[in-house]
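>>> Below: sequence and its predicted model.
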Amino acid sequence: MVSKNSKHIEFIDKFDILYSTSANQTNKNFDLEYAVEKSDIIIYTKDDFNEKNPSKIYKVSNSKIAKIR
């Protein structure tokens, strides 16, 4: 979720639907060449690309919440 105080929110508010996925292969480190090859659109910022901790992923059902990553 993007904070309403983020500069990023101004950008994403301009679109009805956005989809994002990981820029690296499963269990591999960030690889800019791989990310560029797999991307339809690339948006560069002054902060450049860098590897960060992976986000947490949860599977939510009616009866439980399971941590996937």
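Sure thing, it's come through. Note that the structure is predicted; figures quoted are calculated from it, not measured. Residues are numbered from 1 along each chain as shown.

>>> Do you know the pLDDT at the residue of the chain most remote from its centre?
In the chain, counting by CA atoms, centre = their mean, residue 63 sits farthest out from the average C-alpha position, at 27.2 Å. Among the per-residue scores, residue 63 holds a pLDDT of 91.

>>> so it sits in a helix?
No - under DSSP: H, G, I helix; E, B strand; the rest coil, residue 63 sits outside any helix and is assigned coil.

>>> Distance from the chain centre to stretch 13-21, please.
How far stretch 13-21 lies from its chain's middle: 11 Å, per CA atoms, centre = their mean, to the nearest Å.

>>> Now the longest helix anywhere in the chain: buried residues?
If you go by DSSP state H, the chain has its longest helix at helix 32-38. Burial within helix 32-38, assessed by neighbour count using 16 or more other CB atoms under 10 Å, is assigned to residue 35. Glycine gets a C-beta too; all of them are placed from N, C-alpha and C.

>>> Helix or strand next in line after it, which one?
Once helix 32-38 ends, the next helix or strand along the chain (criterion: DSSP states H and E) is strand 58-60.

>>> Residue 67: what's its closest spatial neighbour, skipping adjacent residues?
Of all residues not flanking residue 67 in the chain, residue 58 sits nearest, at 5.6 Å (CB to CB, 6 or more residues apart in numbering).

>>> give the contact list for residue 42.
Contacts for residue 42 (CB atoms under 8 Å, 6 or more residues apart in numbering) come out as 35, 36.

>>> Export the lowest-mean-pLDDT helix or strand in the chain to PDB, keeping only CA atoms.
Lowest mean confidence among the helices and strands of the chain (mean pLDDT, DSSP states H and E): helix 8-12, at a mean of 79. This file holds the C-alpha atoms of helix 8-12, laid out as PDB (Å, rounded to 0.1, in the frame of the first residue of the first chain):
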ATOM      1  CA  HIS A   8       4.500   8.300  -5.500                       C
ATOM      2  CA  ILE A   9       0.700   8.600  -5.000                       C
ATOM      3  CA  GLU A  10       0.500  11.600  -7.400                       C
ATOM      4  CA  PHE A  11       1.900   9.400 -10.100                       C
ATOM      5  CA  ILE A  12      -0.200   6.200  -9.500                       C
END
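
>>> could we number from 584 for the rest of this?
With the count now opening at 584, the last piece we talked about shows up as helix 591-595.
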